[in-house]
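Asks: Curious how this folds, go ahead:
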Amino acid sequence: MQDNNLKFEYLREKYNTFIYENYEILEDENYIILKFYFNIVGLVKFSPTTKILKKNFKFNKVDNNIKNIAFNLGLVELISYWKAVCSKNVIIKCGNLNNEQILWFKKLYFYGLGELFFTNGIKTDIQNFMNITYEGESLQINEKPELNDGFIIPIGGGKDSVVTLELLKEYKEKSYAFIVNPKEVTLECAKIAGFENDRIIEVIRVIDKKLLLLNNAGFINGHTPFSSMLAFLTYFVASLMNIKYITLSNESSANESNVEGEKINHQYSKSYEFENDFKFYEEKYLKSNVSYFSLLRPLAEIQIAKLFSNNDKYYRTIKSCNVGSKTTPWKWCCNCPKCLFVYIMMSAFMEKEKLIEMFGEDLLNKESLKSTFIELCGYGKTKPFECVGTYYEVKYAISKLIENTEESKLPILAKFYKDNYELIRDEQILKGFDENNNLPEFLQKMLRKKIEEC
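Replies: Model prediction:
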C-alpha cells in the first residue's frame, strides 16, 4: 500500500501538468465524430475518438449548445487519461469553467475514482488531489425549445436494460436503443425487444492506444466512472436528435458502498447522488431541456430480477460478465462476482435447469466461488468491486432458494449459507418503491402498476 502511494506521489510530481487542449466535432459520410486532445506534459499526448453512426437519423446543426456539451463530455473523457499519472494540475485550454463547475467536476472525479484510489493504495483528499484552472473562452448558449417526447435507452447487454426495454415497449415507436461499441449480445437484445436497425443508435468509442501502453508499463490504472461519460454522451446525442428522455437502468441498490464506513462505490456514477448532481448540472450549464433519469431507480436488484424472470425470450442472449465481454463470443465466465451475483438473483425465480442452460453450469455448486459468495452476502472485508446489489437482497435471494429446495438437493454454497447464516424472510422486499427518484409522474404510475402485477 505504502509503495503504491509513493508511486502516486512520484508520478504526480514528475508529470505535474495535464492539459485539455481542444475538442472537435467532425463529420464524414458515415459518422459524426468527436475528437478530444489531451496532453500529459513531458510524457504523451492523446487523441481519443467517439463516432456516432449517422444511418438515416435527422441531426440538428452543430451550434454553441452542441459544442458546449461536447466540451463537457471531454471533461469526463479526460479522467481516463489523467489517472495514469494523477497530475497535480489540470489546465483547460479549450473552454471556461466557473468555480461551481470546477467543484462539480472535482467531486465526480474524486468519488468516481474512489475504487481506483482504494485498490491502488492511494491516500489523498478531495481538496488536494487535483487543481483545475482554465484558459479558454466561454460559449454563449441559449435555452433550447421543447423537444419531442421520445426516449433514448442505453443497452449494456444485461438483465437491467432488458427490463427497461420491456417496461417501455408501449413507447417503442418513439424510442431508440443506444449502444456504445455494439456487440452481438447488445444488438440482439435490442432486436428481441423489437428495435429495427433504424431505431438503434450505434456509437464507437475508441480509447487512445497510447493509454493502453501506459497501463502495460505500470502507470496507475483502475476503474473510472464510465456511466458519467455515458450521461454526457447520451445527452449530446439527445440534443442532436431533439429527444427529450434519456432512460437509464440504474437501480436503488447502486447506492451502497463497497467498503464499510467509506464512501467508496464501484457504482458511484450509477448512484442516485450522481443522477441528482447531473440533473442539476445539465439544467444550469447544458440547457438543452433533455431529461436524464433511471427508470429502475425506485427498484432493488431483486425486483428487477423478478421482472426479468418473466421474459424468457432473453434467457440465452443476455450477458453482463465483464470478464466474458473480452472474449468472442461474449460469454459468462462463471468465475467472477458478477456472474455469481446474477446467478443468485435469478435462482430465486428461475428453474435450476433454465439457469444452468443460461450460464452453462451451476455456479452455486462451485466450491471455488465460496470466498466471493461470502463477500456478496456481506460477511467479507469488502463488497466485490462489480455492479452487484446489496448484501440484504443477496441474502434474501439465497434464502428463498433454500426454502424452495429439498435439503438433500441444496447446492454447496446454499448449504453453506444455511449452516452458517440467518435466513431472510421478507416478502415486502418485492413490493418496495424508492421515492428517491427523478421519474416523470406518468412513468412512476406505470412502474407502480407493473410492480403490483408482478
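
Asks: use CA for all of it now, contacts and neighbours both
Replies: Will do.

Asks: Is Tyr20 located within a strand, as I assumed?
Replies: Yes - under DSSP: H, G, I helix; E, B strand; the rest coil, Tyr20 falls within a strand.

Asks: start at 472 instead
Replies: Sure, I'll start counting at 472 from here, so that last one is Tyr491.

Asks: Show me what it bridges to in the sheet.
Replies: Using DSSP bridges, the beta-bridge partners of Tyr491 come out as Phe509, Ile563.

Asks: List the buried residues in stretch 878-887.
Replies: For stretch 878-887, the buried set under the neighbour-count rule, 16 or more other CA atoms under 10 Å, comprises 881-882, 884-886.

Asks: Repeat that for stretch 679-689.
Replies: Going by 16+ other CA under 10 Å, stretch 679-689 has these buried residues: 682, 685.

Asks: CA-only coordinates of that stretch, as CSV, when you get a sec.
Replies: C-alpha atoms of stretch 679-689 as CSV (Å, rounded to 0.1, in the frame of the first residue of the first chain):
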residue,chain,number,x,y,z
ASP,A,679,-6.2,6.0,-27.5
LYS,A,680,-3.8,3.1,-27.7
LYS,A,681,-1.1,5.1,-26.0
LEU,A,682,-3.1,4.9,-22.8
LEU,A,683,-3.0,1.1,-23.1
LEU,A,684,0.8,1.2,-23.4
LEU,A,685,1.0,3.2,-20.2
ASN,A,686,-1.2,0.7,-18.4
ASN,A,687,1.0,-2.1,-19.5
ALA,A,688,4.1,-0.2,-18.5
GLY,A,689,3.0,0.1,-14.8
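
Asks: which other residues reach it?
Replies: With contact meaning CA atoms under 8 Å, 6 or more residues apart in numbering, stretch 679-689 is reached by 515, 517-520, 552, 555, 692.

Asks: Name the nearest of the buried residues of stretch 878-887 relative to Cys807.
Replies: Nearest to Cys807 among these: Leu884, at 14.8 Å, using CA to CA.

Asks: returning to what we had before: would you turn the buried residues of stretch 878-887 into JSON lines with secondary structure and distance to Ala819?
Replies: Formatted as JSON lines, the buried residues of stretch 878-887 follow (DSSP: H, G, I helix; E, B strand; the rest coil; distance: CA to CA, whole Å):
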{"residue": "Leu881", "secondary structure": "coil", "distance to Ala819": "13"}
{"residue": "Pro882", "secondary structure": "coil", "distance to Ala819": "13"}
{"residue": "Leu884", "secondary structure": "helix", "distance to Ala819": "14"}
{"residue": "Ala885", "secondary structure": "helix", "distance to Ala819": "12"}
{"residue": "Lys886", "secondary structure": "helix", "distance to Ala819": "15"}
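
Asks: want to try a markdown table for the residues you listed, with distance to Lys784 and pLDDT as columns?
Replies: Converted to a markdown table, these look like this (distance: CA to CA, whole Å; pLDDT from 0 to 100):
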| residue | distance to Lys784 | pLDDT |
| --- | --- | --- |
| Leu881 | 27 | 92 |
| Pro882 | 26 | 94 |
| Leu884 | 28 | 96 |
| Ala885 | 28 | 95 |
| Lys886 | 31 | 95 |
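
Asks: Check those and tell me the two furthest apart.
Replies: Leu881 and Leu884 (8.2 Å).

Asks: Identify the residue nearest the residue nearest to the spatial centre of the chain in space, chain neighbours excluded?
Replies: The chain has Ser698 as the residue nearest its centroid, 3.7 Å off, counting by CA atoms, centre = their mean. Excluding its sequence neighbours, the residue lying closest to Ser698 (CA to CA, 6 or more residues apart in numbering) is Ser740, at 5.4 Å.

Asks: count of neighbours near the one you found?
Replies: Using other CA atoms under 10 Å, Ser740 has 28 other residues around it.

Asks: Need the per-residue pLDDT for it.
Replies: Model confidence at Ser740, expressed as pLDDT, equals 89.

Asks: Name all residues that make contact with it.
Replies: 579, 583, 696-699, 746.

Asks: Export those as TSV, with columns for pLDDT.
Replies: Shown next, in TSV, are the contacts of Ser740 (pLDDT from 0 to 100):
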residue	pLDDT
Leu579	96
Gly583	94
Pro696	91
Phe697	93
Ser698	94
Ser699	96
Glu746	95
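
Asks: Among those, which one has the most neighbours?
Replies: Gly583 (27 neighbours).

Asks: distance of that residue from Thr695?
Replies: Relative to Thr695, Gly583 is positioned 6 Å away (CA to CA, to the nearest Å).

Asks: Repeat that for Phe509.
Replies: In terms of CA to CA, Phe509 sits 17 Å off from Thr695.

Asks: Look at the two and report which has more neighbours.
Replies: Counting neighbours by other CA under 10 Å for Phe509 and for Thr695 shows that Thr695 has the greater number, 25 against 22.

Asks: pLDDT at the closest residue to that one other than its chain neighbours, what is it?
Replies: Distances taken as CA to CA, 6+ apart place Leu584 nearest to Thr695, at 5.6 Å, with adjacent residues excluded. With respect to pLDDT, Leu584 has a value of 94.

Asks: phi, psi of Leu584?
Replies: Leu584 has phi and psi values of phi -100, psi 10 when expressed as degrees, to the nearest 10.

Asks: if I pick it, what's in contact with it?
Replies: 694-696.

Asks: likewise Ile883?
Replies: For Ile883, the contact set (CA under 8 Å, 6+ apart) comprises 835-838.

Asks: Hmm, Ile775 is touching Asp631, no?
Replies: Yes - the criterion here is CA atoms under 8 Å, and Ile775 meets it with Asp631 at 6.6 Å.

Asks: tally of neighbours for Leu636?
Replies: Neighbour tally, Leu636, other CA under 10 Å: 27.

Asks: now it: how far from Phe697?
Replies: Counting by CA to CA - Leu636 and Phe697 are separated by 21 Å.

Asks: which secondary structure element contains Tyr706?
Replies: Assigned by DSSP states H and E, Tyr706 belongs to helix 697-712.

Asks: just checking, next helix/strand downstream of that helix?
Replies: strand 714-719.

Asks: who does that next one touch, helix- and strand-wise?
Replies: In this structure, strand 714-719 packs against strand 619-625, helix 697-712, strand 762-765, with contacts taken as 3 or more CA pairs under 8 Å, 6 or more residues apart in numbering; DSSP states H and E.

Asks: what angle separates the longest one from strand 619-625?
Replies: It refers to helix 697-712. 150 degrees (axes from the mean of the first three to the mean of the last three CA atoms, to 10 degrees).

Asks: what does helix 697-712 contact?
Replies: 528-533, 537, 540-541, 543-544, 547-548, 623, 715-717, 740-741, 749, 759, 761, 763.
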